[in-house]
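Undergrad: Show me the folded form of this:
(2 chains)
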Amino acid sequence: MSTSLSTKSMVNLQSASTAKKITVLVTVIFIALLLFGTLTTDGFYSTENFKAIINSAALVGVIAVGMTYIVISGNLFSLSVGTTAAVSAMTFLWALRFGMIAAIVITVAFGAVVIGLQGLLVGSTGANPIIVTIGAGALLEAMATWISGGVSVYPPADGPSYAFLYNPLFGVPFPVYVFIVVVIIGELVIKRSKFGRGIYLMGESPRAGRTAGLPTIALTTGAFVTAGICTAIAGILLGAFNQSGTLTSTGTLTVDSISAVLVGGTAVVGGRGSVTRTAVGAILVAAIGDMLLLRGYSPPIQLLALGIIVTVVVVLSYLNSGKGSRS
Amino acid sequence: MPEELRLEMLNVTKAYGNLLALDDVSFDLRAGEVHALLGHNGAGKSTLVKILSGVVLPDSGTIKIDGVAVSPRNPRHAQELGIALVDQELSLVPVLTVEENLLLGSARTSRRQAASLRKQLRPLLDSLGLEHVALSSVTGSLPIGEQQLVEIARALSRDARIIILDEPTATLSDHEIAKVFSAVRGLTAQGKSVIYVSHRLGEVLKLCQRATVFRDGKRIGTRNVADLDRNSLVEMMLGHIPETVRNASAEISDSAEMLSIRSLTIPPRVQGFELDAVGGQIIGLAGQVGCGASEVLRALAGLVPDAHGVVELSGVRLRLGSPGRIRSSGVFFAPNDRKEEGLFLSHSIANNLVATRIPRISRLGFIRKALENANVRKLLDLTGIADDRRALAVGVLSGGNQQKVLIARGIDQQESRMLLFDEPSRGVDVGGRSDIHNLIRGAADQGNVVVFSSTELDEVLDLADVVITMFAGRIVSVRPRSEATASNVLTDMTHGAEVLTS
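TA: Have a look, this model is predicted:
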């Protein structure tokens, strides 16, 4: 009896350290690829290009910070962040008629509720987060299309100016500042707060968390609410930048943010990882995209590259976590 | 035919690491007999069963069936050799029909054989008193007792000469047990042999012809059941157990907590559990696996949603089914499975130690490093783990030290009021066990109500101030430690009051 238990624990520990190795390996390979690519790409090493990279990392990065909470909490991903960001952008532009502060508050509350409800559902029923969030994303898209009548939302002509949301400040685009602030706060909360500690523990073992008396439903909901807030913030920046909001403006935000988390080295099985790692991941992902762009590859190729990365990382971590391989 | 030997095991030895699970054991089984295997947990019964059913290979020794040497390589091979095992855990697939389950994994593969087998299924079910169960019913929709009977039917449907029943009646009602008995008698009348593993001495005395008792991996003896009674069986199982009586616990202070449990029911395992306890007392729930003690502790910790009953701690009613709330009313629970449910294995020792007291080390939602460190230091001190190991993953510690982390985590000088330990020293060596018992005694001396469960007699006698024995979900006896002896506790753990008749 005790023998089989201790073998099991060894397997757990081995897979934990293998998972760590895989995540490190992914980051290392990624950086190596990047170095190789950039050294051979004209125009990569320029201040302007770095600015472009960090700017495009900012939007994805803000969402990825929220996504990190979900991943660490052991609930995989929310696949509805792209749609939520688009609808947040529409909400923000529409709500500008009530003034800037009201518009921001309304949009952030919207994002928190939309994604938070998914977390509540996942946390209280134990439903598979991937399926719940796919369903929720479709529902949200349908409702947004219905309410907006399928046309783009434009800001009110007499509304407050929101140009500061995309104009550079001291030569750096505003979203970059937002990204930095979100990363700092996100890291502080997950590493130092009661909430963050609970998320790490629950992500490591939901059963042990329940037994230890952690409020697992509240923690899961909280992780999703955090993701919702971050997504709404990204939606505000997106809406301001585009000056119009449509459902099709989401592009590849969902897969980009998931790649940022994984490339940063946060384990897909939960319990380990950090927001700073995700920030680095977002920049790496943006840099790869930028490099491919400079070398003349089209956006679909960038998406292909990210798709391969995400698939490989997820499959490898699952094979090693023992969750997928045996049964 | 009584002297015809169906099965012989000669000088069989099996070790797991340093632990000798079976030490040079010989065993024989006659044709047409029901032979009981008895012994404590860890006595070697399960290892013997696993060897026969091909789950583990012996290190040495010989096995003969009808005089021919065999060595079951895997469960399928064992089945082909005519050995069928009915495990205590159900192995039916709940979504399949009864017929599909009965045919599942059958070693005969030809279609014609399967068809002829199918014809025998109906009479087989009837013989087990399952006349009203259709072959096409979905297995998962049957009551658990009937599922157990289907499981037995599956073993019988294979043309086995040797049938091993491992605790077949643990989940059955008396009525269902009678059906199993008559099925077993029908088998032996056909000359088949049955190995009957059970903790229930009453059943053994009623059903079996011979009984073999194991202890610490050795065969203590084989006797004709006709020459035995409960007391002589208990004596064989016990051997020598030191009768330690610990000093009466520290004085009970006026402010001690009071626990009152009234008609706690946990379907389908526990009925009408009642308990009164005061702080400072250590209550030991003693019983075999499946007796319901573990379920009682889990229900008290809020982990069983459909448990109901009135549980009051110092006059405040606990909301069963809500682990978070129960935890914040000062109840700590250490589960019996530290790997799966207790510890966060890849997190640091420090993190694990304070996992149950995050609110205590936080101010305004943020964790205070100073408070955390102070708590970690205090708890490390309790466990005796060196301070410089605090950042190590708890999973790299030895089992004993892991268990100490789990126990220490539940011990909280300021906030705790009731502590629940499910098998507090499972898988821990003797030294570790005494450390853990000292930790628990220390917590009781601080006025906590302490309730633990154990399937191990010496742990119960070592730690408990009040010994409650449980059997089949009910309390059999409540004794102060001074009146509990190894033999009366073991007697109550193994056959219950007069639960078994007919």
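Undergrad: Can you get me a residue count around B:G321?
TA: By other Cβ atoms under 10 Å in any protein chain shown, the residues close to B:G321 number 15. Just so you know, the C-beta spots here come from the backbone N, C-alpha and C atoms, and that holds for glycine as well.
Undergrad: Revised request: answer the last question for B:D159.
TA: The burial count for B:D159: 14, using other Cβ under 10 Å.
Undergrad: Do I have it right that it meets B:I83?
TA: No: using Cβ atoms under 8 Å, B:D159 is not in contact with B:I83; the gap is 11.1 Å.
Undergrad: in chain A, which spans are strands?
TA: In chain A, strands defined by DSSP state E lie at A:168-169, A:172-173, listed in chain order.
Undergrad: In CSV: these, plus mean pLDDT and distance to A:A112.
TA: As requested, the strands of chain A are exported to CSV (pLDDT from 0 to 100; distance: least, Cβ to Cβ, whole Å):
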stretch, mean pLDDT, distance to A:A112
strand A:168-169, 84, 26
strand A:172-173, 87, 25
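Undergrad: Output those strands as a markdown table; include the columns distance to B:K45.
TA: Below are the strands of chain A laid out as a markdown table (distance: least, Cβ to Cβ, whole Å):
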| stretch | distance to B:K45 |
| --- | --- |
| strand A:168-169 | 76 |
| strand A:172-173 | 72 |
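Undergrad: Of the ones you listed, flag the one that's most buried.
TA: Ranked by mean neighbour count, the strands of chain A are led by strand A:172-173 with a mean of 18 (mean count of other Cβ atoms under 10 Å in any protein chain shown).
Undergrad: Pull up the pairing partners for that strand, direction included.
TA: When pairing is defined by DSSP bridges, strand A:172-173 lines up against strand A:168-169 (antiparallel).
Undergrad: How far away from the center of its chain is the partner strand?
TA: Here strand A:168-169 is found 24 Å from its chain centre; the criterion is Cα atoms, centre = their mean, to the nearest Å.
Undergrad: Skipping adjacent residues, who's closest to whichever residue of chain A sits closest to chain B in space?
TA: In chain A, the residue that lies nearest chain B is A:G213 (2.6 Å; Cβ to the nearest Cβ). If the residues on either side of it in the chain are set aside, A:G213 comes closest to B:R327, at 2.6 Å by Cβ to Cβ, 6 or more residues apart in numbering or on different chains.
Undergrad: you'd agree the one you found is up against B:A355?
TA: No: counting by Cβ under 8 Å, B:R327 stays clear of B:A355, with 10.9 Å between them.
Undergrad: Please identify every residue contacting each of these two.
TA: A:A212 (Cβ atoms under 8 Å, 6 or more residues apart in numbering or on different chains).
Undergrad: any chance you could map the helices in the stretch 151-300 of chain A?
TA: A:174-192, A:194-204, A:206-211, A:216-242, A:253-264, A:275-294, A:299-321 (DSSP state H, counting those that start in this stretch).
Undergrad: nearest to A:V151, of these?
TA: helix A:216-242 (14.3 Å; Cβ to Cβ).
Undergrad: What residues sit buried inside the closest one?
TA: A:216-241 (16 or more other Cβ atoms under 10 Å in any protein chain shown).
Undergrad: now stretch A:98-116
TA: A:100, A:103-104, A:106-108, A:110-112, A:114-116.
Undergrad: same thing with stretch B:183-191?
TA: Residues of stretch B:183-191 classed as buried: B:183-184, B:187-188 (neighbour count, 16+ other Cβ under 10 Å).
Undergrad: roughly how far out does that stretch sit from the chain middle?
TA: Centre-to-centre, stretch B:183-191 and its host chain are 29 Å apart (Cα atoms, centre = their mean).
Undergrad: what does it contact?
TA: B:1, B:31-34, B:127-128, B:152, B:156, B:163, B:165, B:194, B:196, B:207.
Undergrad: would you put the C-alpha positions of the one helix or strand B:E100 maps to in PDB?
TA: Using DSSP states H and E, B:E100 maps to helix B:98-103. Extracted in PDB, the C-alpha atoms of helix B:98-103 (Å, rounded to 0.1, in the frame of the first residue of the first chain):
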ATOM      1  CA  VAL B  98     -25.800  -6.000 -16.500                       C
ATOM      2  CA  GLU B  99     -25.300  -8.400 -19.400                       C
ATOM      3  CA  GLU B 100     -22.500  -6.400 -20.900                       C
ATOM      4  CA  ASN B 101     -20.800  -6.200 -17.500                       C
ATOM      5  CA  LEU B 102     -21.100  -9.900 -17.000                       C
ATOM      6  CA  LEU B 103     -19.500 -10.700 -20.300                       C
END
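Undergrad: Pull the number of nearby residues for A:I309.
TA: By other Cβ under 10 Å, 21 other residues sit near A:I309.
Undergrad: before we move on, what about B:C291?
TA: 28.
Undergrad: show me what contacts the residue nearest to it when sequence neighbours are not counted?
TA: In space, and not counting its chain neighbours, B:C291 is closest to B:M470: 4.3 Å by Cβ to Cβ, 6+ apart. The neighbours of B:M470, taking Cβ under 8 Å, 6+ apart as the test, are B:285-287, B:291-293, B:296, B:476, B:493.
Undergrad: Just send these back as JSON lines, with pLDDT and secondary structure too.
TA: Below are the contacts of B:M470 laid out as JSON lines (pLDDT from 0 to 100; DSSP: H, G, I helix; E, B strand; the rest coil):
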{"residue": "B:L285", "pLDDT": "95", "secondary structure": "strand"}
{"residue": "B:A286", "pLDDT": "92", "secondary structure": "strand"}
{"residue": "B:G287", "pLDDT": "87", "secondary structure": "coil"}
{"residue": "B:C291", "pLDDT": "85", "secondary structure": "coil"}
{"residue": "B:G292", "pLDDT": "88", "secondary structure": "coil"}
{"residue": "B:A293", "pLDDT": "91", "secondary structure": "helix"}
{"residue": "B:V296", "pLDDT": "94", "secondary structure": "helix"}
{"residue": "B:V476", "pLDDT": "90", "secondary structure": "strand"}
{"residue": "B:M493", "pLDDT": "83", "secondary structure": "helix"}
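Undergrad: Now the two most distant members of those residues.
TA: So for those, where distance means Cβ to Cβ, the most widely separated pair is B:V296 and B:M493, at 14.9 Å.
Undergrad: Settle it for me: which of the two has more neighbours?
TA: B:V296 (30 against 26).
Undergrad: Look up how far chain A lies from that one.
TA: Computed as Cβ to the nearest Cβ, to the nearest Å, the B:V296 to chain A distance reads 15 Å.
Undergrad: That residue and A:L76, how far apart?
TA: Going from B:V296 to A:L76 by Cβ to Cβ, to the nearest Å gives 35 Å.
Undergrad: can I assume B:L149 is in contact with B:E131?
TA: No: using Cβ under 8 Å, B:L149 and B:E131 do not qualify as a contacting pair, with a distance of 11.5 Å.
Undergrad: Could you check which of those two has the larger neighbour count?
TA: For B:L149 versus B:E131, neighbours defined as other Cβ under 10 Å are more numerous around B:L149 (22 against 9).
Undergrad: residues contacting that one?
TA: B:128-130, B:172, B:176, B:179-180.
Undergrad: With A:S80 instead?
TA: With Cβ under 8 Å, 6+ apart, A:S80 has these contacts: A:114-115, A:118, A:133-134, A:136-137, A:140, A:254.
Undergrad: was I right about the residue of chain A closest to chain B contacting B:S328?
TA: Yes: contact criterion Cβ under 8 Å: A:G213 and B:S328 qualify, at 7.2 Å.
Undergrad: Which neighbours do those two have in common?
TA: What both A:G213 and B:S328 touch, as defined by Cβ under 8 Å, 6+ apart, is an empty set.
Undergrad: Looking at these two, which one has more neighbours?
TA: Neighbour totals were compared for A:G213 and B:S328, and A:G213 leads with 25 against 13 (other Cβ under 10 Å).
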